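Asks: okay, predicted coordinates and the sequence, questions at the end:
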Amino acid sequence: MDHNPDRICVWPGYFDTRISRRNGRRVPKDSSVIKPDLEGLFLAARKLGLKKIKREEGTSHPSRPHAKEGRMWVSRAGSRQSVGANSKEELMQLIGAQWRQMQRDQKEANAERIAKGPQTGDRRARAQRKGKSSGSKSSQKSGFKKRSSFKKR
């Protein structure tokens, strides 16, 4: 691919909270995410307001050839115009902050849904919920003992 000075290359590995700055993370911890992927990076960039984005799936970063994480190309002029980011570092921090907020919101929504329990009329979820708690108690109450299938000699 030819060099185009208007494009910025952004890899999902730049946002991985599990690795250190020395090993390839390019954003601060408060802008990094758990298990970064190309789809999440793309959604965060879209939600931030970037318009000119191109995804390349299946490509690997030169320092991580075993991971086919993909990469995203962003227009430098488009990022300056829509988000106001003057540098690649500033753009990555903005994307990372948006992505981390999206992960927090999703985690809170899942916790709320689990705490709320199954919906009225959701027989499958209610049955699975009953099966988890009552199944172990009923076998304890009945007094059955497990017999070993091997005889002692």
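Replies: On my side now, so go ahead.

Asks: wait, Ala45 touches Leu94, no?
Replies: No: counting by C-beta atoms under 8 Å, Ala45 does not reach Leu94; the two are 9.1 Å apart. C-betas here are computed from N, CA, C, even on glycine.

Asks: give me the mean pLDDT for stretch 79-91.
Replies: Averaged across stretch 79-91, pLDDT comes to 92.

Asks: shaky segments in the chain?
Replies: 1, 126, 128-153 (pLDDT under 70).

Asks: residue boundaries of the strands in it?
Replies: 7-10, 53-56, 71-75 (DSSP state E).

Asks: partners of the last one in the sheet?
Replies: So the one you mean is strand 71-75. Strand 71-75 sits in its sheet next to strand 7-10 (antiparallel), strand 53-56 (antiparallel), going by DSSP bridges.

Asks: right, and these - which one's nearest Leu41?
Replies: Proximity to Leu41 (C-beta to C-beta) singles out strand 7-10 among the strands paired with strand 71-75, at 6.8 Å.

Asks: that older thread, of the strands of the chain, which stretch is the most buried?
Replies: With neighbours taken as mean count of other C-beta atoms under 10 Å, the strands of the chain reach their highest mean count in strand 71-75, at a mean of 20.

Asks: export only the CA atoms of that strand, formatted as CSV.
Replies: Extracted C-alpha coordinates of strand 71-75, given in CSV (Å, rounded to 0.1, in the frame of the first residue of the first chain):
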residue,chain,number,x,y,z
ARG,A,71,-6.2,-2.2,11.5
MET,A,72,-8.1,0.9,10.9
TRP,A,73,-7.2,3.8,8.6
VAL,A,74,-8.5,7.3,9.6
SER,A,75,-8.3,10.4,7.6
